[in-house]
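[1] sequence first, predicted model second:
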Amino acid sequence: MEPTLESFTAQAMDEGFDEIVVREWAPDLEIDTHTHAFAVRAHVVRGEFWLTVDGSTRHLAAGEAFRLARDVPHAERYGAQGATVWVARAN
């Protein structure tokens, strides 16, 4: 069963995340290697993207989830339809 934004938020907050954002990414957007000063728990709601961490690329599509620790270098590339991603952050 697909989570709702409300259930995603509740579970993330129970796990210690303290901020929820809904990110809308543009089609064909590429973001070079960067880091975040927060840990991430995310769920892809619409579209697809490729997440590259430590030389390994993972394709993520609607319905899939991922986690990323704070300060981990990574790059992102979004598909032709862009993407919507729910993101829980642990600041």
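    Received the coordinates, thanks. Residues are numbered from 1 along each chain as shown.
[2] what helix or strand is the closest residue to Glu15 other than its chain neighbours on?
    Nearest non-adjacent residue to Glu15, counting by C-beta to C-beta, 6 or more residues apart in numbering: Arg41, 6.9 Å away. Quick note: C-beta positions are derived from backbone N, CA and C, even for glycine. Assigned by DSSP states H and E, Arg41 belongs to strand 39-53.
[3] tell me the helices and strands packed up against that strand.
    Applying 3 or more C-beta pairs under 8 Å, 6 or more residues apart in numbering; DSSP states H and E, one finds that strand 39-53 makes contact with strand 56-61, strand 65-68, strand 74-90.
[4] output that strand as PDB, nothing but the C-alphas.
    In PDB, the C-alpha atoms belonging to strand 39-53 read as follows (Å, rounded to 0.1, in the frame of the first residue of the first chain):
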ATOM      1  CA  ALA A  39      20.000  13.300   6.900                       C
ATOM      2  CA  VAL A  40      17.300  12.400   4.400                       C
ATOM      3  CA  ARG A  41      14.500   9.800   4.200                       C
ATOM      4  CA  ALA A  42      12.600  10.200   1.000                       C
ATOM      5  CA  HIS A  43       9.700   8.700  -1.100                       C
ATOM      6  CA  VAL A  44       9.300   9.300  -4.800                       C
ATOM      7  CA  VAL A  45       5.700  10.200  -5.500                       C
ATOM      8  CA  ARG A  46       5.900  11.000  -9.200                       C
ATOM      9  CA  GLY A  47       8.400  10.600 -12.000                       C
ATOM     10  CA  GLU A  48      11.900   9.200 -11.800                       C
ATOM     11  CA  PHE A  49      15.500  10.100 -11.100                       C
ATOM     12  CA  TRP A  50      18.900   8.700 -10.700                       C
ATOM     13  CA  LEU A  51      20.900   9.100  -7.500                       C
ATOM     14  CA  THR A  52      24.600   8.700  -7.700                       C
ATOM     15  CA  VAL A  53      26.500   8.000  -4.400                       C
END
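[5] right, I'll leave it there.
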